[in-house]
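Chemist: I would like the atomic coordinates for the input below:
(2 chains)
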Amino acid sequence: MNDFAVPACANCGHAIWPPRLACPVCGAAEWNEVPAPTGVLLDVTEAPGYDGTPVRLGTVRLAVPSADPSVKRNSGAGDEGPPVIAGIDSDAGAGDTVRLRLVDGAPRAGK
Amino acid sequence: MSSDALIVGAYEARYERHAPPERDTKELLKESVLGALADAGLGLKDVDGFGVASFSLKPDHAVDLAWHLGLSPRWLMEDPHGGASGLNLLSHALRAIEAGDAETIVLCSADHLDKDSFAGLVRNYNRVTAEHLAPLNYGGPNALFALLTQRWMDARELGREDLGAIPVAQRAWAGRNPLAVYRDPLTMAEYLGTPLFVPPLCRLDCVPVVSGGDAIVLRAAPAAGPAARVRALRSLFNADQQEGDGLTTGFAAFADDLWSAAGARPEDLDAAYLYDDYPVMVLAQALDLGLVPDADLKRWLGATVLEGSWPLNTSGGQLSAGQAGAAGGMHGLVEAVRQLRGTVEDERATGAELALVAGYGMVLYRHGASHNAAILERIG
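Modeler: So this is what the prediction gives:
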């Protein structure tokens, strides 16, 4: 088990992915790691991968517990966590709640 | 000292699909620069400002290219922002002329990317791509824009017949552009019958990679003949920090300011040049820049775009003319300048006096991070 975790701003709680230098909401530059093991699969596609085999990819909108409910996420993101591009297991479809884990350094999501 | 800058020349070096390996980025840049200067009735010795955008120029930079061209510019710039590079260069060049830093500026862009160098470019497009997308065994923008397109179709209740209006209508314009790489007529039935290779996208939704180049020439006013003047230009980078749903873009943030600064309204436009790497991005720009009456996309696509009466991407756009790497950021600008100056072939001349050009690009993680747009008018 290697559940997914993301950086959350030490000042305002805004969670981001992928990791970056400073918080886009408040400008602070210190981070805490917070668990973000689940999310909602927004969309899925299938494309030819580097090795020629089909790759299922999708966007997972993470569910991240907000340290401070008054914190407003940046434009478009609402109060939810950040979006993650992940490899998607064959049994998961758009709208499903999925669990994320790291597989060989890459986020992978499935039911 | 302040002076109006005018665009007095434009040129496109022939776009070529699967160009032979001996094709060379520097040669394409040379052809573009000389072509734009000739169009302006000027020569290399008139140039005192120079800017370039090119992915495949490396390891060289703007100063190397200027040296190869025998230039000693007082103002020099290089822009790496892909589909937004043309207007980004333009925004700085306007200021340089207004400030007196240069009097005659050439802006050029070109790329020749063979299969291996294109694969390398998309795999290492930025650090996040290399570290967070490549480990998924996937690289390149097609799947990312497939996901964005799917969200658009779901949220705005669009079907493939709606998206198809863009490539189908633009192909009709491409038939009138001898420089476009795909010129054969395209019907909606053919579009809908094309297999989905990265659902919901078919290959007709994905911009074809070509080799080619573009350039424009700016000069302090007055101009001897017809010229294009930039009434207003606005940019915004990282509008949503890659965190949003992509349904609204950075264009929405500056649209009102752009129109107000230009002293114009969307209905005043005679032609629009929207960045068309994928049809969904044309829809995003049209909507966010206020070109869609009542924000009714379906009606706009059916009654205006597909019917072909409204000049949208009159070169055929990148979807039919091709995307020459970073030159994709100048393609629409060159066509707009040529339309405004009246130098295009007769069969696609629009007589446009007011045009909009938009740039978009640099997919940092999920979608483009760079947005810019300009309103240009004909002078003289």
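Chemist: Nearest the middle, which residue of chain B would you pick?
Modeler: B:Gly329 (3.6 Å; C-alpha atoms, centre = their mean).
Chemist: Repeat that for chain A.
Modeler: Closest-to-mean residue, chain A, C-alpha atoms, centre = their mean: A:Val84 / 3.6 Å.
Chemist: I figured it hits A:Leu100, correct?
Modeler: Yes: counting by C-beta atoms under 8 Å, A:Val84 touches A:Leu100, with 6.8 Å between them. Quick note: C-beta positions are derived from backbone N, CA and C, even for glycine.
Chemist: so where's chain B uncertain?
Modeler: Where chain B drops to pLDDT under 70, the residues are B:1-3.
Chemist: Just give me the neighbour total for the residue of it found nearest chain A.
Modeler: Relative to chain A, the nearest point of chain B is B:Gly244 (2.5 Å; C-beta to the nearest C-beta). Residues near B:Gly244, counting by other C-beta atoms under 10 Å in any protein chain shown, number 20.
Chemist: cool, A:Thr53 as well?
Modeler: Counted with other C-beta under 10 Å, A:Thr53 comes out at 8.
Chemist: Same check on B:Asn126?
Modeler: 14.
Chemist: need the contact list for it.
Modeler: When contacts are counted by C-beta atoms under 8 Å, 6 or more residues apart in numbering or on different chains, B:Asn126 is found next to B:Met362, B:Leu364.
Chemist: just A:Ala29 next, same as before
Modeler: Neighbour list for A:Ala29: A:Leu21, A:Ala22, A:Cys23 [criterion: C-beta under 8 Å, 6+ apart].
Chemist: Provide the secondary structure category for it.
Modeler: coil (DSSP: H, G, I helix; E, B strand; the rest coil).
Chemist: I'd guess the residue nearest to the centre of chain A is in a strand, am I close?
Modeler: Yes: judged by three-state DSSP, A:Val84 forms part of a strand.
Chemist: Quick check, pLDDT for it.
Modeler: You'll see A:Val84 listed with a pLDDT of 96.
Chemist: intersection of neighbour lists for A:Val84 and A:Leu100?
Modeler: Joint contacts of A:Val84 and A:Leu100 (C-beta under 8 Å, 6+ apart) are A:Phe4, A:Gly39, A:Val60, A:Leu62, A:Pro107, A:Ala109.
Chemist: Just list what the lengthiest strand in chain A packs against, helices and strands only.
Modeler: The longest strand of chain A (DSSP state E) is strand A:38-48. Identification of packing neighbours for strand A:38-48 by 3 or more C-beta pairs under 8 Å, 6 or more residues apart in numbering or on different chains; DSSP states H and E yields strand A:54-62, strand A:83-88, strand A:97-103, helix B:142-156, strand B:196-198.
Chemist: Can you give me the buried ones in the shortest one?
Modeler: Within strand B:196-198, the residues scored as buried using 16 or more other C-beta atoms under 10 Å in any protein chain shown are B:Val198.
Chemist: next one: stretch A:87-103
Modeler: Under 16+ other C-beta under 10 Å, the buried positions of stretch A:87-103 are A:Gly87, A:Ile88, A:Asp89, A:Ala92, A:Ala94, A:Asp96, A:Val98, A:Arg99, A:Leu100.
Chemist: how far away is the closest residue to the last one other than its chain neighbours from A:Ala106?
Modeler: What sits nearest to A:Leu100 in space, not counting adjacent residues and going by C-beta to C-beta, 6 or more residues apart in numbering or on different chains, is A:Phe4, at 3.8 Å. Using C-beta to C-beta, to the nearest Å, A:Phe4 is found at 11 Å from A:Ala106.
Chemist: So between those two, which is more surrounded?
Modeler: Taking other C-beta under 10 Å, A:Phe4 and A:Ala106 do not tie; A:Phe4 has more neighbours (21 against 18).
Chemist: so how far is B:Tyr138 from the most far-flung residue of chain A relative to its centre?
Modeler: Here chain A reaches farthest from its C-alpha mean at A:Gly52, the gap being 26.0 Å by C-alpha atoms, centre = their mean. Distance, A:Gly52 to B:Tyr138, by C-beta to C-beta: 12 Å.
Chemist: ok, now A:Ala36?
Modeler: 22 Å.
Chemist: And the contacts of A:Ala29, which of them are buried?
Modeler: A:Cys23.
Chemist: just the contacts of A:Ala29 now: which is nearest B:Gly51?
Modeler: A:Leu21 (28.4 Å; C-beta to C-beta).
Chemist: rewinding a little: what helix or strand is the residue of chain B closest to chain A located in?
Modeler: When elements are assigned from DSSP states H and E, B:Gly244 belongs to no helix and no strand.
Chemist: Next one: it from B:Arg299, what distance?
Modeler: Counting by C-beta to C-beta, the gap from B:Gly244 to B:Arg299 is 26 Å.
Chemist: same thing with B:Leu291?
Modeler: 13 Å.
Chemist: Can you name the residues bridging to the residue nearest to B:Ile97 when sequence neighbours are not counted?
Modeler: Excluding the flanking residues, the one nearest B:Ile97 by C-beta to C-beta, 6+ apart is B:Ala5, at 3.8 Å. Counting by DSSP bridges, B:Ala5 is bridged to B:Ala220.
Chemist: so B:Ala5 touches B:Ala99, yeah?
Modeler: No: using C-beta under 8 Å, B:Ala5 makes no contact with B:Ala99, being 10.1 Å away.
Chemist: Compare those two and say which is more crowded by neighbours.
Modeler: B:Ala5 (22 against 12).
Chemist: Get me the contact residues on chain A for chain B.
Modeler: A:16, A:18, A:24, A:42-51, A:53, A:55, A:57-59, A:73-77, A:82-83, A:85-87, A:94, A:104-107 (C-beta under 8 Å from any C-beta of the partner chain).
Chemist: Are any of those buried, and if so which?
Modeler: Buried by 16+ other C-beta under 10 Å: A:16, A:18, A:24, A:42-49, A:55, A:57-59, A:73-77, A:82-83, A:85-87, A:94, A:106-107, out of the residues of chain A next to chain B.
Chemist: ok so, going back, contact partners for the residue nearest to the centre of chain A?
Modeler: Contacts of A:Val84 (C-beta under 8 Å, 6+ apart): A:Phe4, A:Trp17, A:Gly39, A:Thr59, A:Val60, A:Leu62, A:Leu100, A:Pro107, A:Ala109.
Chemist: How much space separates the second one from A:Pro24?
Modeler: Between A:Trp17 and A:Pro24 the distance is 12 Å, computed by C-beta to C-beta.
Chemist: what about B:Gly159, neighbour count?
Modeler: Neighbours of B:Gly159 (other C-beta under 10 Å): 11.
Chemist: residues contacting it?
Modeler: B:Met153.
Chemist: Starting from B:Ala146, give me the distance back to it.
Modeler: 15 Å.
Chemist: which residues of chain A score low on pLDDT?
Modeler: Filtered on pLDDT under 70, chain A yields the residue ranges A:1, A:65-79.
Chemist: pretty sure B:Leu28 contacts B:His112?
Modeler: Yes: with contact defined as C-beta under 8 Å, B:Leu28 counts as touching B:His112 (6.0 Å).
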